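Chemist: Okay, structure incoming, though there's no sequence with it:
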């Protein structure tokens with residue numbers, strides 16, 4: 001264990017898991033998987049390097065799950081149900097085979113698996129193992145997304161999760177939500193699908209998610225081999241496996257690194273996250289993206305004079321009726337001139353409520369064309385370094401890194417977040433930046449590279465005067 005320790009509860013069933021001997025996990029398996037299950041995380045996302053030891057980590061968690069007692073829900077008894085999932089039938093076998101060998105005896109009876117005392121029956125063609133106590137283990141493939149529907153799944157383990165198609169994810173996740181079940185997604189640091197979205201959710205964004213990258217060098221076998229060869233582990237892995245791969249392929253496949261891919265909208269933006277979130281002389285304006293019960297409502301306040309984000313609010317699971325007083329208090333506390341927000345459809349009623357609370361509203365009419373223009377302004381201003389974001393705004397930083405542009409079958413450019421992730425902060429930021437840019441022109445940027453100013457009287461938006469000061473309740477600016 002390299003002298004490291006992790007707080008961990010060792011399940012009794014693991015004492016016979018390794019060919020009748022106790023299971024001895026690698027340190028990364030304890031740190032990033034087993035201890036996180038103990039801690040109550042329901043979504044564990046692990047981009048793993050090839051041969052890092054992911055299969056040996058999965059079987060113990062299957063064993064831990066299937067020995068749990070049945071639970072009664074609405075008068076019905078439910079036993080554990082485990083899905084082992086792959087993008088194709090062949091890929092699903094990589095984890096299914098070691099699980100099968102842990103539970104299912106040979107037809108002749110010559111082979112007795114370590115967990116054979118739990119075995120009751122199996123169907124090799126259907127890919128299902130029945131266990132004593134009622135638990136079941138299924139092999140599933142994303143080639144047949146509909147097979148993911150219906151079951152009250154308590155543990156799902158997608159392998160090569162970066163290649164699982166969106167329809168399969170959509171069919172799988174409701175079953176997990178129904179049982180408050182656990183997802184252990186394992187794959188390669190590749191693609192812009194739900195696997196990557198969930199990975200970023202696990203980077204201190206969502207409390208139900210945990211994510212970590214596990215390079216091949218986390219396997220102690222390779223560490224020992226590197227020691228014998230007189231090399232550092234990373235150098236040893238590169239000498240063994242990098243010859244037939246591009247640099248990006250090697251970094252994804254063995255170092256478990258996310259490498260920038262085509263389609264990313266924002267580039268080289270991290271250096272502009274230097275703001276302290278301090279209110280100045282202003283004038284201040286607000287960009288607001290209203291969320292429903294599950295999406296996030298995000299409000300950003302920007303200082304036009306400095307072209308800098310100075311305050312923010314972000315929350316979810318609050319009804320519009322309760323959101324409006326909170327947003328109005330925030331608006332008045334930061335002395336904003338107006339709110340730039342989408343007033344189409346569901347946004348119309350909250351906009352009227354905000355007007356009644358003394359907020360001046362500049363409407364944004366949401367269409368695919370107007371969204372494209374909105375994001376284009378944000379891309380331009382970020383590329384030119386005209387905007388300063390708050391240094392501690394990790395949510396916006398992650399959303400900008402994931403935000404992508406795709407070409408539809410009709411040839412239209414579509415901007416959106418990957419499936420399974422949010423873009424509320426990007427949209428609120430874009431609404432703010434569009435109005436800051438129109439009212440400031442091309443200001444000198446935060447890294448002091450001068451730009452010509454193209455401001456004109458006609459190019460400026462109307463900024464209403466500050467309202468008469470009034471006493472408002474205090475608000476904590478996050």
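Modeler: Looks like it arrived, so ask away. Since the model is a prediction, treat every value here as computed from it, not as a measurement. Numbers count the residues shown, from 1 in each chain.
Chemist: What is the three-state secondary structure of the nearest residue to residue 314 once chain neighbours are set aside?
Modeler: With Cβ to Cβ, 6 or more residues apart in numbering as the criterion, residue 314 has its nearest non-adjacent residue at 4.9 Å, and that residue is residue 298. The way it works is simple: take the backbone N, C-alpha and C, and place the C-beta from them, glycine included. Under DSSP: H, G, I helix; E, B strand; the rest coil, the three-state class of residue 298 is strand.
Chemist: Dig out what residue 298 forms beta bridges with.
Modeler: Beta-bridge pairing of residue 298 under DSSP bridges involves residue 289, residue 314.
Chemist: how close does it sit to residue 22?
Modeler: For residue 298, the distance to residue 22 (Cβ to Cβ, to the nearest Å) stands at 49 Å.
Chemist: how about the helices in this structure?
Modeler: 27-29, 35-38, 54-66, 89-103, 166-179, 194-201, 220-229, 233-241, 247-253, 320-333, 348-356, 368-383, 394-402, 424-440 (DSSP state H).
Chemist: Go through those and name the closest to residue 127.
Modeler: Residue 127 sits nearest to helix 89-103 of all the helices of the chain, at 7.0 Å, using Cβ to Cβ.
Chemist: Which stretch among the helices of the chain approaches residue 141 most closely?
Modeler: helix 89-103 (4.9 Å).
Chemist: confidence score at the closest residue to residue 64 other than its chain neighbours?
Modeler: Of all residues not flanking residue 64 in the chain, residue 11 sits nearest, at 4.9 Å (Cβ to Cβ, 6+ apart). Predicted confidence (pLDDT) at residue 11: the value is 88.
Chemist: Any idea how many residues pack against residue 11?
Modeler: Neighbourhood size, residue 11 [other Cβ atoms under 10 Å]: 18.
Chemist: Repeat that for the one 10 residues further on.
Modeler: By other Cβ under 10 Å, the residues close to residue 21 number 10.
Chemist: Can you give me the pLDDT of residue 419?
Modeler: On the pLDDT scale, residue 419 gets 67.
Chemist: quick one on the thing from earlier: more neighbours: residue 298 and residue 22, which one.
Modeler: Using other Cβ under 10 Å as the criterion, residue 298 and residue 22 rank with residue 298 on top: 28 against 10.
Chemist: what's the spacing between the residue nearest to residue 57 when sequence neighbours are not counted and residue 13?
Modeler: Nearest non-adjacent residue to residue 57, counting by Cβ to Cβ, 6+ apart: residue 29, 4.2 Å away. Plainly put, residue 29 is 16 Å away from residue 13 if you go by Cβ to Cβ.
Chemist: which residues touch the residue nearest to residue 314?
Modeler: Contact analysis of residue 298 by Cβ atoms under 8 Å, 6 or more residues apart in numbering lists 288, 289, 291, 312, 313, 314, 424, 425, 427, 428.
Chemist: how far away is it from residue 423?
Modeler: Applying Cβ to Cβ, the value for residue 298 to residue 423 is 10 Å.
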